[in-house]
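A.B. asks: Structure for this input, please:
(2 chains)
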Amino acid sequence: MLKYVGKRVLLFIPTLLIISVLIFFIIQLPPGDYVTSYVAAMAAEGEIFTPEQIEGLRAQFGLDDPWYVQYFNWMKGIITRGDFGYSFEYGRGVWSVIMDRLYLTLAVSFVILVFQYVVSLPIGIYCANHQYSVGDYALSFIGFIGTATPNFLLAIIIMYIIYIRTGNVYLGLFSTEMLQNGMRWEYVPEFLGRCLIPILVIGTSGTCGIIRTVRAQMLDEQARQYTLTARAKGCSEAAITYKYCLRAALNPVVSGLAGSLRTIFSGSTVSAIVMNLAIQGPVLLAALKSQDMYLAGTIVLIQAVLVLVGTLLSDIALAWLDPRIRFSERG
Amino acid sequence: MALFKKKKATDESYYLASQWALMWRKLKKHKLARFSLAILSVLYVLSLFADFFAPYGLEEFSSVYKNTAPTRVYWQDEEGRLSRPYVYKLKKVNDRKTFTVVISEDTSQKYYVAFFVPGVEYRLLGFIPCSTHFYGLVNEDGVPDRSARLNIFGADSNGGCIYSRILFGGRVSLTIPFVAAAISFVLGILLGGLSGYFGGWVDNVIQRLIEVLSAIPSIPLWMALSAAIPPGIPVAAMYLYITIILSFIGWTGLARVVRGKFISLRNEDYVMAARLAGVSDFKIILKHMVPGFLSYLIVSLTLGIPGSILGETSMSYLGLGMKAPATSWGVLLKETEDLVSVAQCPWKMIPLIFVVITVLAFNFLGDGMRDAADPYK
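C.D. replies: Down below sits the predicted model:
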């Protein structure tokens, strides 16, 4: 087991390096650079730059070098000094821009991930144990609708319903009073209400996916010989469900962990714009649009690292769950 | 005796039927899948003949009808008697008190709903010149009149008919996913197959590639790739590019499934026999191994289509995909981008119903196909 984990961790580093090159390459792929989009934005406001000024700006930002030189300098800064570069748009270090929103982003993503598993596992098990019952049909139907609706539109629909019902517009996690007066106990219910919308919106599609996988897997496992054997020797139904079937059924769910992390990050960007959440998605989109490359690169890199860590954790969890994987890697 | 004979005949046809005939038979038994197939056929026919079924062409909009609600159709005349369905024209009225322009119905003239009326000229299926539309409005003399409009789903911010645009948008939204799925399919089978069949370093390289690609969040990928699309190209080409972008991201999941299947099939006796008989690797893959799980691939293809439809919506929403005046469901839904526009014009959410129905139908069809995929079970 330890050897397996060590091998996986070692593979993590070259993969990360390749990803960082690829990210940097992709981000600088669109034609033009930050200076181009900056000059265009200033021209729209009536300020015209001379070609010499533009050249000067470009030299100042180090955008004249070929992309691999820029990449090398960026990486050198990260590895030797922990310096993630400079955000042209914000006029300060990338890391400080990211820190503004990092905790909230991580908290939101983590809560959504936990929500997905906490809600979907019991529902999936219930649906499998009560196949073709009213509850199964109802929950499966809701699940289907949830996967079929684009996240950001679900956000608008939920906000619209809340607006019709209560007359309040719940945009963002914090109301203006909360931001002015700081957090107080009396705001907690409203804050929780505001949190629920993004969790529902971003978490739904993943939740529905997991419900369907768990249901299908549980049904498969319940038809296996070993389940019959367990039942024949007098195991309780609870033991059969949780100790036998669920353990085997969890395999694809666990290996989907990295995928659902990625969906949360991508799905949350569009939804966050709609819901005006102060997380990293909208910043990333703006940075990509204005070609603020170090900021965009760092955010994507952080997300990629989290997804990779997710993959790593899910592989380790799989090896722990399923002895066959452990042994095949060893032999 | 007759009964017995009949049973035997069906039995024989059951045992003699090919794998595909059995699958089709099993799929037909799945009610929900059959129903979904019917709905999808209707949607595809509607968009294929969009010129005919849509009352208005894409270039027909009217500033009076900007953001107006679905046109009210009257069934009763002034005395309350049942009448041929008719509508009133909308007109701009200057409100003398508030000095604002108000849109109201002009009740001086009725326009009757009629079927098979001549309208904007088009080419049916691209080559048959035609000008008949499924429905339209005629005035009291029975002459087609295009100054009044019947927007059954309301109008968008340009005053175009949302229903017509949904049908035209369906041409894009219902076909892009197919092309995207086809490209993902080829890439997935090829790379997944190579990875699973050869194993060793090939497997390692491809697996790392998949890991790398799936660790990059999709939005930067979309942005970078769609920024690489040259601006001002024709809509058809743009649509092809978007397809390619979607499939570049979509193949990794399929490749993983294919690899798993290949690994489990690689050690089967019949593959070993083929290899010993000197069949080339390429032929073993295509002729011996792929048919063994082709049905599963078709299922995952069907289940992959909804993902691309939703992907297209998000891309257009972010302004990375199709752009107006070209129409797709994503472009239509872009009008509902904030709470204000939805609160003012809730009918702009109608395209969403089409998206949801299509995605659900593909999901149910895929489920039915999964059950049918293994007809010998």
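A.B. asks: In contact with the residue of chain A found nearest chain B, which residues?
C.D. replies: Relative to chain B, the nearest point of chain A is residue A:30 (3.2 Å; C-beta to the nearest C-beta). Every C-beta, even on glycine, is put in place using the N, C-alpha and C of the backbone. With contact taken as C-beta atoms under 8 Å, 6 or more residues apart in numbering or on different chains, residue A:30 is in contact with A:291, B:223, B:224, B:227, B:228.
A.B. asks: What is the nearest of those to residue B:18?
C.D. replies: Nearest to residue B:18 among the contacts of residue A:30: residue B:228, at 45.3 Å, using C-beta to C-beta.
A.B. asks: Quick one: list the elements packing against the helix or strand where residue A:215 lies.
C.D. replies: Using DSSP states H and E, residue A:215 sits in helix A:188-222. In this structure, helix A:188-222 makes packing contacts with helix A:94-129, helix A:134-148, helix A:151-166, helix A:246-255, helix A:257-275, judged by 3 or more C-beta pairs under 8 Å, 6 or more residues apart in numbering or on different chains; DSSP states H and E.
A.B. asks: Mind checking what helix or strand follows it in sequence?
C.D. replies: Following helix A:188-222 in sequence, per DSSP H and E, is helix A:225-232.
A.B. asks: By mean pLDDT, which helix or strand of chain A comes out lowest?
C.D. replies: helix A:323-330 (a mean of 63; mean pLDDT, DSSP states H and E).
A.B. asks: about what we covered before: just the buried ones out of the contacts of residue A:30, please.
C.D. replies: A:291, B:223, B:224, B:227 (16 or more other C-beta atoms under 10 Å in any protein chain shown).
A.B. asks: Low-confidence ranges, the chain, go.
C.D. replies: If you meant another chain, say so; for now it's chain A. A:170-173, A:175-179, A:181-183, A:267, A:324-331 (pLDDT under 70).
A.B. asks: Chain B, not that one
C.D. replies: Scanning chain B for pLDDT under 70 picks out B:1-17, B:19, B:231, B:235-236, B:295, B:324-325, B:373-377.
A.B. asks: For it, which residue gets nearest to chain A?
C.D. replies: For chain B, C-beta to the nearest C-beta, closest residue to chain A: residue B:227, 3.2 Å.
A.B. asks: Tell me the residues of the stretch 201-350 of chain B that contact chain A?
C.D. replies: B:208, B:211-212, B:214-221, B:223-225, B:227-228, B:306, B:310, B:313-314, B:317-318, B:333, B:336-339, B:342-343, B:346, B:349 (C-beta under 8 Å from any C-beta of the partner chain).
A.B. asks: angle of the lengthiest helix in chain B against helix A:246-255?
C.D. replies: Counting by DSSP state H, the longest helix found in chain B is helix B:235-266. Helix B:235-266 and helix A:246-255 are oriented at 140 degrees to each other (axes from the mean of the first three to the mean of the last three C-alpha atoms, to 10 degrees).
A.B. asks: can you give me the angle helix B:235-266 makes with helix A:257-275?
C.D. replies: 160 degrees.
A.B. asks: got the buried residues for helix B:235-266?
C.D. replies: B:238-239, B:241-243, B:245-259, B:261-262, B:265-266.
A.B. asks: what's the neighbour count on residue 65?
C.D. replies: Let's take chain A. Neighbour count of residue A:65, defined by other C-beta atoms under 10 Å in any protein chain shown: 12.
A.B. asks: Hmm, no, I was thinking of chain B.
C.D. replies: 22.
A.B. asks: Now do the phi/psi pair for it.
C.D. replies: Torsion angles at residue B:65 (phi, psi; degrees, to the nearest 10) stand at phi -90, psi 10.
A.B. asks: Residue A:148 versus the closest residue to residue B:39 other than its chain neighbours, what's the distance?
C.D. replies: Spatial nearest neighbour of residue B:39, excluding adjacent residues (C-beta to C-beta, 6 or more residues apart in numbering or on different chains): residue B:361 at 4.9 Å. Using C-beta to C-beta, to the nearest Å, residue B:361 is found at 9 Å from residue A:148.
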